[in-house]
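pasting the sequence and the predicted model now:
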Amino acid sequence: MPTSDQSLAIGYNYHDQTDTLQKVGLTIFTLGLLLLFLPSLPVSSVLGQGLFWSGIGLSLLGLVLYLIQTYQKSHPGVRNNGVWLRGSTSRGNIAWVTAVGLTGFYIILYWFPFLIEPQIRALDSFSQWLRNKPADHWLLYGTFYTIAILIMGLRALLKYRHSPYQIIRTLSVMFFQLGLAYLIPYTLQKLNEPEFYFSYFWPLKYDYLFPGTVGYLVNEPGALGVFMVFWSAVISLVGVPILTYFFGKRWYCSWVCGCGGLAETAGDPYRQLSDKSRAAWQWEVAIIYPVLGFIVITTLLLWINSFMSGGLLGSLSDGFAQTYGFFVGSIFSGVIGVGFYPIMGSRVWCRFGCPMAAYLGLLQKHFSRFRITTNGGQCISCGNCSTYCEMGIDVRWYAQQGQPIIRSSCVGCGMCATVCPRGVLNLENGPREGRYQPTTLISPENLRILS
Amino acid sequence: MRVIIIGNGVTGVTAATTIRKLDPTAHITIISAESEHFFSRTALMYLYMGHMQYRHIKPYEDWFWPERNINLLHAAVQSVDFNAKQVILENHTRIDYDKLLLATGSLPRTLGIPGENLAGVQGFYSLHDLAQLEQYSANIPRAVIVGGGLIGIELAEMFYTRCIPVTFLVREPYYWGNILPEAEGTLIQEHIRAHGIDLRLNTTVSEITGDAEGRVKSIITNKGEEIAANLVGVAVGVKPNVSFLENSDLKINRGVLVNQYLETNLPDVYAAGDCAEILPEPENKPVVEQLWYTGRMQGETVAHSICNRRTVYNRGIWFNSAKFFDIEYQTYGQVPAVPAPETDSLLWQHPKEKKLVRINYHQPSGKVLGFNLLGIRYRHEVCEKWLKEEKPISYVLKHLREANFDPEFYRRHEKEIIRTFSRQLSAVLS
Ligand SMILES: Cc1cc2nc3c(=O)[nH]c(=O)nc-3n(C[C@H](O)[C@H](O)[C@H](O)COP(=O)(O)OP(=O)(O)OC[C@H]3O[C@@H](n4cnc5c(N)ncnc54)[C@H](O)[C@@H]3O)c2cc1C
Ligand code: SF4
Ligand code: SF4
């Protein structure tokens, strides 16, 4: 009797089908990664730069080769074969190695950036070209982040090539990351305008509506700063409710947001690791709403404070932003949120920590047309939907009772619907009337009693 | 009221949860031998394929049972003493009941040919079968599957994902020929072959040979050909699991015989799901329904009967669904392999992709009879409504769009479908 999860995997022993081209791809990829470390050796800056860029180029080339060869060998369709039998995607050894590596990268980035100084310097000429100033560790991070979304986005495009929804959604996150979260902010810097991310909003980018930022932007020469303030305020307070009303939270969380973008691409191999238990859901509710409340109250206090010319909080406000930024911004969203992808799944931050998700979630639950419809009595309770829900929603709980799924945490990634082997689930924006109506084809109480 | 349910499959569990809803004080115990908790049998293949682990296929978390006050007993029932109203476990413990539900499911059907007891010859139904499959399929050069139905193709897909070459024997002239019309069967069978599976039609097995250690070595087909294989998956259907109930007053034919209220011939004893054989009226043909959906519906119905709200089992409009490798299949209403008299069939197939829509209707009256869909999803509610209300085919074609359940951004084919169907219809009428 398989009481422990591993017992069924013992006999898992199949012929390795990795072909030469895949192996060549992986070799080139690893060589590329190695090259990235070499600038740390005492080499001239020109050589360091050359090594670094060759490293990036080679690792990308290797990965592209590997991915294309891997997916062209399989038929289009749901390919989760071996996900729970391989260590790398089921919290095995390789997963721990990956998690420690990623977390280590974040720790170095946040607290010991001098350790990667040679790599940062290797980006200098690129940085000058892109934004007219020398590189820093944030540019390095932003560049790696964007590359990760693009290359793993390519992987998602290949893997889900049978699903137009997944293709279009993946292209969307790739576009928003590259354009609005990378090229535009840096180009703005080049034009001596404030660095501004048009795809991030309060309360995720909480300081965009803080009096300090608003004051700074409004006082910028030229009209752009004023436009940025206008943009932030209008989208946060008007655009978000309207878009969420029509499309649900997904328009942001799995189509636009950079954190979501990384989760949907680089995090895709790990989506099944989210915790589906009721206990996890209780934690989620206990953490995420206080985080939102905290941001809302702080924003209000800061504004009152600024109207009273610092009479309420004095200079405390800066201290707040720093403390919150450290605990929530760095530790939660970076180290745990991304570093622990291979252990806790790809949406830990989005599910437990993101104030924007909480805000969008409240709107989605109570003020939206979005729902996931279940198709009559077709569910066979197999559990694929729940397993592959990155937000840890027990989709099956609803589907097997024929109820539509309306959960504040659902980011509308559509993966439950993609993996369902009976085509039971469908993401729909329908009229709000009868939105919670379950099907009459399961448990038709009143019909039965008639007979 | 002490209710004992034998079997924690979908039937027994649906009955238990429904009884709990109808009667908050009933004392409910589910006795089952296979596993401590309810799991989804339909998901067994995904364990082998590595899509999920055992814990993922349990539809309810473990807290669910104590919270609903449903007792679970992980034990095998040896027999039932119907006169004393007691269930007897294998360790000879006797447990009293006021009402008893038999929901013992099925067992795989066997072939009845020489060599069937060799190690590596097996069906695929239980967790035990899955464990065996893991053991015997490790590092084998070839597997043979006997039986071209739903479990057969599941086994083929499972082996495919483990890179085990497969020979797939199908008795009918095309895949699932006793259920599907030829166009559907042919389309699926092309898809099977595209996966490199050696599909043999009109072929069965007549003998299985073993090696010195008692493991299967090869099979011999009805055409006399020998195929070397170290695993033989037998997927020729299932039969009700009722042998432990024989030699009692309980009436058994193929399964436990029940009436339309799912009551057996003995008082306070009920049967439902795969193990039950329903005889609605004496003049009707008895039916054994071996599906997840029917198990769920029968479990619900029988719970009402047990709680003194006798309810007629009414399956409603027939529906079923499956997935053949990557092709999704849905069916609503009646679409037999060979059309019934006075039935006409409209058929659309995508010129390149693996998509198909068939609508059957009653020729003289035009009322719609059934849908078969491959690679396209229709709404269950809409099809059910049309079939129930016996909508004319012209109405169905006009409203075909409403039935589509494909995800956003999928290409819609209604225009082509309706054009094709209209052409076929006018050919019939002229
Ligand atoms: C691989 C596979 C795939 C399937 N896929 C589909 C599908 O896609 N769609 C569909 O509609 N149907 C499908 N089916 C059929 C469906 O799973 C069954 O019809 C359904 O599970 C039957 O449920 P049940 O509760 O009646 O019986 P079961 O699920 O068989 O449960 C009966 C339980 O009773 C226990 N039991 C029996 N005798 C005793 C005893 N003496 N003492 C103690 N316990 C006992 C057994 O151990 C078993 O756990 C599939 C079946 C299989 C095997
Ligand atoms: S419920 Fe479905 S669409 Fe929503 S987050 Fe989970 S997998 Fe994505
Ligand atoms: S994946 Fe589909 S069939 Fe399986 S439990 Fe979820 S909704 Fe039901």
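Thanks, I have it. Numbers count the residues shown, from 1 in each chain, chains lettered A, B, ... in the order given. Ligands and ions are numbered 1, 2, ... in the order given.

just the pLDDT for the spatially closest residue to A:C350 that is not a sequence neighbour.
Nearest residue to A:C350 in three dimensions, chain neighbours excluded: A:A357, at 5.3 Å (Cβ to Cβ, 6 or more residues apart in numbering or on different chains). In short, each C-beta sits where N, CA and C put it, glycine included. pLDDT for A:A357: 96.

my read: A:A357 touches A:S409, true?
Yes - with contact defined as Cβ atoms under 8 Å, A:A357 reaches A:S409; the gap is 7.2 Å.

between those two, tell me which one has more neighbours.
A:A357 (31 against 25; other Cβ atoms under 10 Å in any protein chain shown).

now the more buried one: phi and psi?
phi -60, psi -40 (degrees, to the nearest 10).

which residues does it contact?
Contact analysis of A:A357 by Cβ atoms under 8 Å, 6 or more residues apart in numbering or on different chains lists A:249, A:253, A:288, A:350-351, A:409, A:411.

and the strands in chain A, which stretches?
Counting by DSSP state E, chain A has strands at residues A:370-374, A:425-429.

tell me the mean pLDDT for the first one?
In other words, strand A:370-374. On average, strand A:370-374 scores 97.

identify the residues contacting whatever residue of the stretch 251-400 of chain A ends up closest to ligand 1.
Using Cβ to the nearest ligand atom, the single residue of the stretch 251-400 of chain A nearest to ligand 1 is A:I380, 5.1 Å away. Residues in contact with A:I380 (Cβ under 8 Å, 6+ apart) are A:421-422, B:40, B:42-43, B:292-293.

tell me which of the strands of chain A is the most buried.
strand A:370-374 (a mean of 25; mean count of other Cβ atoms under 10 Å in any protein chain shown).

which parts of the stretch 201-350 of chain B are strands?
Assigned by DSSP state E, counting those that start in this stretch, the stretch 201-350 of chain B shows strands spanning B:205-210, B:216-221, B:226-228, B:231-234, B:238-240, B:256-258, B:269-271, B:276-278, B:319-324, B:327-333, B:343-349.

how about these in CSV, adding distance to ligand 1?
Shown next, in CSV, are these (distance: least, Cβ to the nearest ligand atom, whole Å):
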stretch, distance to ligand 1
strand B:205-210, 20
strand B:216-221, 21
strand B:226-228, 23
strand B:231-234, 11
strand B:238-240, 7
strand B:256-258, 11
strand B:269-271, 10
strand B:276-278, 8
strand B:319-324, 6
strand B:327-333, 10
strand B:343-349, 24
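
so what's the residue lying closest to B:D62 once chain neighbours are set aside scoring on pLDDT?
Closest residue to B:D62 apart from its sequence neighbours, by Cβ to Cβ, 6+ apart: B:H37 at 6.4 Å. pLDDT for B:H37: 98.

quick check, B:H37 in contact with B:N8.
Yes - between B:H37 and B:N8 there is a contact under Cβ under 8 Å: 7.2 Å.

format the strands of the stretch 201-350 of chain B as TSV; extra columns: mean neighbour count.
Shown next, in TSV, are these (neighbours: other Cβ atoms under 10 Å in any protein chain shown):
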stretch	mean neighbour count
strand B:205-210	18
strand B:216-221	20
strand B:226-228	14
strand B:231-234	26
strand B:238-240	20
strand B:256-258	25
strand B:269-271	26
strand B:276-278	25
strand B:319-324	21
strand B:327-333	22
strand B:343-349	18
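
for those, which one sits closest to ligand 3?
Nearest to ligand 3, of all the strands of the stretch 201-350 of chain B, is strand B:319-324, at 8.8 Å by Cβ to the nearest ligand atom.

show residues contacting that closest one.
A:376-378, A:421-423, B:150, B:153, B:188, B:191-192, B:291, B:293, B:328-333, B:380, B:383-384.

ok, stretch B:422-430 next?
Residues from elsewhere that reach stretch B:422-430 (Cβ under 8 Å, 6+ apart): B:344, B:346-347, B:363, B:393, B:397.

which residue does chain B bring closest to ligand 2?
Closest point on chain B to ligand 2, by Cβ to the nearest ligand atom, is B:P407, at 10.9 Å.

and the gap between that residue and B:Y329?
17 Å (Cβ to Cβ, to the nearest Å).

rank the contacts of stretch B:422-430 by pLDDT and give me only the lowest.
The model is least sure about B:Q363 among those, giving it 90.

tally of neighbours for that one?
Using other Cβ under 10 Å, B:Q363 is surrounded by 17 other residues.

again with A:V238
A:V238: 10 surrounding residues under other Cβ under 10 Å.

so who does it touch?
With Cβ under 8 Å, 6+ apart, A:V238 has no contacts at all.

please apply the same query to B:I164.
Counting by Cβ under 8 Å, 6+ apart, B:I164 touches A:14, B:137, B:140, B:142-143, B:231.

looking at the spatially most central residue of chain A now. What's its pLDDT?
Note on chain A: the residue nearest the mean C-alpha position is A:G260, at 2.4 Å, using Cα atoms, centre = their mean. A:G260 carries a pLDDT score of 96 in this model.

quick one: stretch B:31-42 near ligand 3?
No - using Cβ under 6 Å from any ligand atom, stretch B:31-42 stays clear of ligand 3, coming no nearer than 7.4 Å.

one step back: wait, the residue nearest to the centre of chain A sits on A:G412?
No - using Cβ under 8 Å, A:G260 makes no contact with A:G412, being 9.9 Å away.

what residues do these two have in common as contacts?
Both A:G260 and A:G412 are in contact with A:253-254, where contact means Cβ under 8 Å, 6+ apart.

who touches stretch B:216-230?
B:115, B:118-121, B:136, B:140-144, B:146, B:167, B:169, B:200, B:203-211, B:215, B:231-232.

residues touching the residue nearest to A:R155 when sequence neighbours are not counted, list them.
Once flanking residues are discounted, A:R155 sits nearest to A:L67: 5.1 Å by Cβ to Cβ, 6+ apart. Taking Cβ under 8 Å, 6+ apart, we find A:L67 in contact with A:25, A:154-155, A:158.

can you redo the residues you listed as CSV with neighbour count and distance to B:A84?
Output for the contacts of A:L67, formatted as CSV (neighbours: other Cβ atoms under 10 Å in any protein chain shown; distance: Cβ to Cβ, whole Å):
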residue, neighbour count, distance to B:A84
A:G25, 22, 70
A:L154, 19, 69
A:R155, 21, 64
A:L158, 18, 65
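
around chain B, which positions in the stretch 101-250 of chain A sit nearby?
Proximity of the stretch 101-250 of chain A to chain B (Cβ under 8 Å from any Cβ of the partner chain) is limited to residues A:162-165, A:168.

and the closest residue to B:G148 other than its chain neighbours, what does it touch?
With Cβ to Cβ, 6+ apart as the criterion, B:G148 has its nearest non-adjacent residue at 3.2 Å, and that residue is B:V170. Shown in contact with B:V170 (Cβ under 8 Å, 6+ apart): B:147-148, B:152, B:177, B:199-203.

the nearest residue to A:G104 once chain neighbours are set aside - how many residues pack around it?
Spatial nearest neighbour of A:G104, excluding adjacent residues (Cβ to Cβ, 6+ apart): A:G339 at 8.0 Å. Number of residues near A:G339 (other Cβ under 10 Å) recorded here: 22.

residues in contact with A:P134?
Listed by Cβ under 8 Å, 6+ apart, the contact partners of A:P134 are A:124, A:127-128.

so what's the residue in the stretch 101-250 of chain A that ligand 2 sits nearest to closest to, chain neighbours aside?
The nearest approach of the stretch 101-250 of chain A to ligand 2 comes at A:R250, 7.2 Å away (Cβ to the nearest ligand atom). In space, and not counting its chain neighbours, A:R250 is closest to A:G412: 2.4 Å by Cβ to Cβ, 6+ apart.

what's around the one you found, how many residues?
Residues lying near A:G412 (other Cβ under 10 Å) number 25.

surely it meets A:V256?
No - in this structure, A:G412 is not within contact of A:V256 by Cβ under 8 Å, at 11.6 Å.

low-confidence stretches in the chain?
In the absence of a named chain, this looks at chain A. Chain A contains residues with pLDDT under 70 at A:1-16, A:310-322, A:444-451.

um, chain B though
B:430.

identify the residue spatially nearest to the most centrally placed residue in it, adjacent ones excluded.
The centroid of chain B falls nearest to B:L291 when counting by Cα atoms, centre = their mean (3.6 Å). Nearest non-adjacent residue to B:L291, counting by Cβ to Cβ, 6+ apart: B:N320, 6.5 Å away.
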